[in-house]
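Predicted model follows, preceded by the sequence.
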Amino acid sequence: QVQVVESGGGLVQPGGSLRLSCEASGITEEYYGIGWFRQAPGKEREAVSCLTNSDGTRWYADSVKDRFTISRDASNNTVYLQLNALKPEDTAVYYCAVHIGANAHAMAYLINPTYWGQGTQVTVSP
C-alpha cells in the first residue's frame with residue numbers, strides 16, 4: 001500500500017525559504033514520477049516540480065524555476081522541495097503525489113496522479 005506523507009510547511013516572510021519533505025512508502029516499482037503540486041484559494045491546482053524516480057529527471061513550472069529545487073534521498077524514500085525567494089503568490093497548500101509509470105514531464109500534466117499526500121500549508125506574508 002502506497003503512502004505519501006508531506007511535512008515542512010509554515011509561515012514565512014517574502015524572500016524567505018522553506019523546505020518541504022515528502023516520504024513515499026510502499027512503492028515496489030522503479031519507474032514512477034513523484035511531484036509537488038499546489039492549490040491556492042480560489043485557484044486551480046497546478047504542478048510545481050516533478051521528478052522521475054528511475055533517472056532523476058526534473059521538471060519545473062516556469063513560475064518557480066531558479067527559486068525552487070526538487071531533490072531526493074533514495075536511502076529514506078524522501079523527496080524534498082527547497083523553496084527560496086518566496087513570494088506571496090506562492091501561498092498555497094502544497095501536495096506531494098506519486099504516479100506509477102510516469103516520468104517527470106508526464107507527471108506535471110497528469111490530471112489526477114494516483115497517490116496523494118494530505119498537503120501542507122505554505123503561507124508567505126509580511
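Noted; the coordinates are in hand. Numbers count the residues shown, from 1 in each chain.

Tell me the pLDDT of the nearest residue to Gly15 once chain neighbours are set aside.
Leaving aside its chain neighbours, Gly15 sits nearest to Ala85 (6.1 Å; criterion: CB to CB, 6 or more residues apart in numbering). (Glycine included, C-beta is placed from N, CA and C.) Confidence at Ala85, expressed as pLDDT, is 98.

How about the contacts made by Ala85?
Neighbour list for Ala85: 15, 17, 67 [criterion: CB atoms under 8 Å, 6 or more residues apart in numbering].

Surely Glu6 is in contact with Ala97?
No - taking contacts as CB atoms under 8 Å, Glu6 lies outside contact range of Ala97: 9.8 Å.

so what sits against both of these two?
Counting by CB under 8 Å, 6+ apart, the residues touching both Glu6 and Ala97 are Gly117.

Which positions in the least confident helix or strand in the chain by mean pLDDT come out as buried?
Sorting the helices and strands of the chain by mean pLDDT, DSSP states H and E puts helix 104-109 at the bottom, at a mean of 92. Residues 104, 107-108 are the ones in helix 104-109 that count as buried (16 or more other CB atoms under 10 Å).

got it, and stretch 39-53?
Neighbour counts over stretch 39-53 (16+ other CB under 10 Å) mark 47-53 as buried.

Within the helices and strands, which one has the residue nearest to Gly15?
Ala85 is part of no helix or strand when elements are defined by DSSP states H and E.

same thing with Ile111?
Using DSSP H and E, Ile111 sits in no helix or strand.

Neighbours of it, how many?
5 (other CB atoms under 10 Å).
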